[in-house]
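> below is the sequence, then the predicted model.
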Amino acid sequence: MKTGKTVKVLLALTTAAGMLAGCGSKTDTDTFRFASELDIQGMDSTVVDDGMSYNAIHAITDGLTAVNDKGKTVPALAKSWDVSADGKTYTFHLKDAKWSNGDEVTANDFVYSWKKIIKNAGTYAYMLGDDGASVKNASQLIDLGPKATDEQMNTLGVKAADDKTLVVELNNKVPYFTDLMAFPCYFPQNEKFVEKCGKNYGTKPEYTLSNGAYTMTKWIKGNKAAFTKNDKYYDAKAVKTKNLEMFLVQDPKTAAQNFDNGKVDYATINSTLVDKYKGKDTFTTFNEGFLFYLNLNFQVKTLADKNVREALSYAINRKDLCEKVLKDGSRAATGMVPSQLSTSPAGKDFRDTAGVLVDYDVKKAQEYLDAAKKELGTDTITVDLLYGTDESPMDTMAEYLQGSFSKLKGLKVNMVATVKKDRIYNREEHGTYEIACTRWGPDYADPTTYLNLFLTGNSNNFGKYSNAKVDSLMKQVQTESDVNKRWDLMVQVEKTALDDLAYIPVFEKGAAALKAKNVKGLVHSATGTPYTFKYVTLK
């Protein structure tokens with residue numbers, strides 16, 4: 001990898017074991033069974049934006065690069081690449097790889113997919129623009145979206161020089177560009193197949209096509225998805241487990257019971273189950289990579305008052321929440337960019353450089369609330385707290401925050417329970433909320449994956465936060481070629497936005513899981529696609 005960065009991973013390496021009662025191990029070494037609390041929303045990499053869908057898509061699809069079993073970004077469909085002297089042009093040379101229908105994987109598969117996500121205004125289209133990969137003309141085309149003509153789309157800085165040569169031109173040098181290429185929104189799609197499927201593409205196994213380790217053979221939404229080894233995969237020899245099964249929408253308690261009964265080999269659990277399993281040799285914890293935080297709607301008069309935002313932030317005892325309630329390895333957030341994400345040119349973690357930007361002080365919280373009540377001319381301030389009941393531990397976080405906020409005199413909290421899909425794609429997207437309990441997982445190992453959320457007009461800036469200084473600093477980040485100056489600018493961005501309480505960080509998510517003793521090689525990444533199944537073995 002050109003940048004020298006290493007993606008943080010948990011390598012699920014364990015000693016081999018035979019049939020052990022109540023630990024999920026089994027003698028069947030052909031099928032790895034994975035339990036998830038969430039569903040697969042879709043299999044179209046240009047449309048979906050959730051981690052579980054990415055797990056499934058990555059099981060059947062490779063990009064230009066990938067994360068290997070050591071957690072490093074390595075060539076995948078690209079066998080090599082050349083970079084221009086100014087760092088703005090990448091020429092990728094593709095391997096001889098095939099789709100599962102026998103078609104060759106070509107450079108045009110990438111050109112087609114990248115144009116498609118922009119043309120269809122996909123959620124992650126912005127990742128091709130200056131907020132992400134900085135592909136030439138991408139930002140202008142994203143603004144046009146479906147209105148962009150074919151002639152205009154042809155100005156996008158991605159070209160197929162021939163079937164096996166992909167040329168990508170950038171507006172700005174992007175230090176983490178090859179890391180980005182492992183993210184699903186940059187994956188290729190077979191134009192002929194996709195166009196034949198039409199609206200059905202990515203909705204059923206027969207409407208999916210694989211160039212990766214597995215092919216999808218079964219998919220019952222909200223229940224189960226099944227995959228089998230792709231014999232046409234260019235690296236088929238590296239895939240040791242024949243079958244992969246994903247058990248969907250299993251709440252942690254059910255997943256744990258199925259693990260104990262030997263029905264699944266891997267299951268994440270929530271904080272209520274930690275005490276039961278902690279200390280067992282099948283129990284493991286790891287850095288999940290997500291930041292849980294409060295998304296504030298700045299269109300609501302109450303939350304537009306900075307004193308209210310200050311009161312809310314100071315009222316949260318983040319350390320207590322993590323150590324006494326969650327108990328899954330989660331850490332109190334000290335800023336918007338989590339720890340262990342990225343290091344400076346000098347090798348220092350971003351959080352160590354940026355410092356502590358949020359704190360707990362009930363006395364200050366009450367003082368800020370009293371000031372807000374005076375400004376707003378009221379004795380009682382009421383806020384709605386939105387959370388999803390199907391995205392553990394969001395409900396635990398919400399209940400804890402309700403207790404924290406309710407300790408302030410003159411603050412009333414209305415709990416608004418919903419599900420993740422409604423929270424994001426209805427309430428937040430349409431601005432019909434006040435405070436949303438939400439989370440963000442890093443798409444790549446650079447602070448900008450979080451700092452972009454501060455930008456005016458960012459598609460995930462649901463609360464319509466806007467700060468001209470932040471926007472100006474971020475433009476400098478995008479164009480600064482000096483890595484040390486760029487780092488300092490990013491520190492300034494975070495401090496400026498959090499001084500303004502653009503969002504309220506709460507905790508960095510740790511995770512607890514049950515893993516059968518015979519499972520080896522499951523790779524968990526704190527960035528991009530959460531899980532890689534390619535290297536799993538069951539012995």
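Okay, I see it.

> make it CA atoms for all contacts and neighbour counts henceforth
Fine.

> would you quantify the distance from F187 to Y112?
From F187 over to Y112 the distance is 10 Å, taken as C-alpha to C-alpha, to the nearest Å.

> show me how far the longest helix seen in the chain is from its chain's centre.
If you go by DSSP state H, the chain has its longest helix at helix 483-499. Distance, stretch centre to chain centre, for helix 483-499: 22 Å (C-alpha atoms, centre = their mean, to the nearest Å).

> what lies in contact with that helix?
Residues outside helix 483-499 that contact it (C-alpha atoms under 8 Å, 6 or more residues apart in numbering) are 335-337, 344-345, 350, 353-354, 357, 447-448, 451, 454, 467, 469-470, 473-474, 476-477, 480, 504.

> hmm, back to that, quick one, which of F187 and Y112 is more surrounded?
F187 (24 against 17; other C-alpha atoms under 10 Å).

> quick check, central residue of this structure?
Most central in the chain under C-alpha atoms, centre = their mean is G441, positioned 3.4 Å from the mean C-alpha point.

> from L376, how far off is the closest residue to that residue other than its chain neighbours?
In this structure, G441 finds its nearest non-sequential neighbour in F290, 4.3 Å apart by C-alpha to C-alpha, 6 or more residues apart in numbering. With distances taken as C-alpha to C-alpha, F290 is found 35 Å from L376.

> cool, D82 as well?
Distance from D82 to L376, by C-alpha to C-alpha: 59 Å.

> which helix or strand contains the residue nearest to G441?
Assigned by DSSP states H and E, F290 falls within strand 283-296.

> so which bits of the helix or strand following that strand are buried?
Later in the chain than strand 283-296, the nearest helix or strand by DSSP H and E is helix 301-304. By 16 or more other C-alpha atoms under 10 Å, the buried positions in helix 301-304 come out as 302-303.

> repeat for stretch 201-214
201-205, 207-214.

> quick one: that stretch to chain centroid distance?
Worked out by C-alpha atoms, centre = their mean, stretch 201-214 lies 21 Å from the chain centre.

> swap in stretch 528-535?
For stretch 528-535, the distance to the chain centre is 12 Å (C-alpha atoms, centre = their mean).

> cool, and stretch 95-104?
28 Å.

> quick one: contacts of that stretch?
77-79, 105, 164, 209-211, 215, 230, 232-234.

> show the buried residues in the residues you listed.
For the contacts of stretch 95-104, buried by 16+ other C-alpha under 10 Å: 77-78, 105, 164, 209-211, 215, 230, 232-234.

> so who does the nearest residue to D50 once chain neighbours are set aside touch?
Spatially, and ignoring its direct neighbours in sequence, D50 is nearest to Q41 (7.5 Å; C-alpha to C-alpha, 6+ apart). By C-alpha under 8 Å, 6+ apart, the residues touching Q41 are 48, 50, 52-53.

> out of the residues you listed, which sit inside helices?
Using DSSP H, the contacts of Q41 in helices are 52-53.

> hang on, the earlier thing: state the pair within the buried ones among the contacts of stretch 95-104 that is farthest apart.
K164 and T215 (23.2 Å; C-alpha to C-alpha).

> returning to that earlier point: who's more crowded, F290 and L376?
F290 (21 against 15).

> quick one, helices of the stretch 151-300 of the chain?
Ranges of helices in the stretch 151-300 of the chain, per DSSP state H, counting those that start in this stretch, are 177-180, 191-197, 252-260, 271-277.

> from those, which stretch is densest packed?
Highest mean neighbour count of the helices of the stretch 151-300 of the chain: helix 177-180, a mean of 24 (counted as mean count of other C-alpha atoms under 10 Å).

> just the CA trace of that one, in CSV.
Taking C-alpha atoms only, helix 177-180 is exported to CSV below (Å, rounded to 0.1, in the frame of the first residue of the first chain):
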residue,chain,number,x,y,z
PHE,A,177,-6.7,7.1,-2.3
THR,A,178,-5.8,3.4,-2.6
ASP,A,179,-7.4,2.7,0.8
LEU,A,180,-10.6,4.2,-0.5
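
> what packs against that helix?
Where contact means 3 or more C-alpha pairs under 8 Å, 6 or more residues apart in numbering; DSSP states H and E, helix 177-180 is packed against strand 65-67.

> same for the strand it packs on, what does it pack against?
Using 3+ C-alpha pairs under 8 Å, 6+ apart, strand 65-67 is in contact with strand 73-75, helix 177-180.

> one step back: can you redo the contacts of Q41 as a markdown table with distance to N154?
A markdown table is the format used below for those (distance: C-alpha to C-alpha, whole Å):
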| residue | distance to N154 |
| --- | --- |
| V48 | 24 |
| D50 | 29 |
| M52 | 32 |
| S53 | 29 |
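
> among the contacts of Q41, which pair sits farthest apart?
The most widely separated members of the contacts of Q41, counting by C-alpha to C-alpha, are V48 and M52 (9.7 Å).

> if we can go back for a sec, nearest to K263, of the helices and strands packed on strand 65-67?
For these, the distance to K263 is smallest for strand 73-75, at 32.9 Å, taking C-alpha to C-alpha.

> what strands line up against the closest one, and which way round?
When pairing is defined by DSSP bridges, strand 73-75 lines up against strand 65-67 (antiparallel).

> what sits up against the partner strand?
7, 73-78, 178-179, 181-182, 532.

> could you redo those residues as a markdown table and give each row distance to L294?
Output for the contacts of strand 65-67, formatted as a markdown table (distance: C-alpha to C-alpha, whole Å):
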| residue | distance to L294 |
| --- | --- |
| V7 | 26 |
| T73 | 32 |
| V74 | 35 |
| P75 | 37 |
| A76 | 37 |
| L77 | 38 |
| A78 | 39 |
| T178 | 31 |
| D179 | 28 |
| M181 | 30 |
| A182 | 29 |
| T532 | 29 |
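
> residues contacting the residue nearest to the centre of the chain?
So G441 contacts 289-291, 526-528 (C-alpha under 8 Å, 6+ apart).

> helices and strands of this structure: which one bottoms out on pLDDT?
Within the chain, confidence by mean pLDDT, DSSP states H and E is lowest for strand 9-12 among all helices and strands, at a mean of 38.

> so for K407, which of the helices and strands packed on strand 65-67 sits nearest?
helix 177-180 (43.7 Å).

> so what's the gap between that closest one and the chain middle?
Helix 177-180 has its C-alpha centroid displaced from the chain centroid by 15 Å (C-alpha atoms, centre = their mean).

> hey, what's the closest residue in space to T532 that isn't next to it in sequence bridged with?
Once flanking residues are discounted, T532 sits nearest to V523: 5.2 Å by C-alpha to C-alpha, 6+ apart. Note on V523: beta-bridge partners L11, T532, judged by DSSP bridges.

> touching, V523 and F286? I think so.
No: using C-alpha atoms under 8 Å, V523 is not in contact with F286; the gap is 11.3 Å.

> name the residue in the two with the higher neighbour count.
Set V523 next to F286 and count neighbours by other C-alpha under 10 Å: V523 wins out with 23 against 19.

> pLDDT at that one, what is it?
You'll see V523 listed with a pLDDT of 92.

> that one and G289, how far apart?
14 Å.

> now M394
M394 is 15 Å from G289, by C-alpha to C-alpha.

> same check on A97?
Distance from A97 to G289, by C-alpha to C-alpha: 32 Å.

> how about Y90, secondary structure?
For Y90, the assignment made with DSSP: H, G, I helix; E, B strand; the rest coil gives strand.

> just to revisit the earlier point, redo the helices and strands packed on strand 65-67 as TSV? Include mean pLDDT and distance to N243.
Converted to TSV, those look like this (pLDDT from 0 to 100; distance: least, C-alpha to C-alpha, whole Å):
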stretch	mean pLDDT	distance to N243
strand 73-75	94	24
helix 177-180	94	28
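
> among those, which comes closest to A133?
helix 177-180 (6.2 Å).
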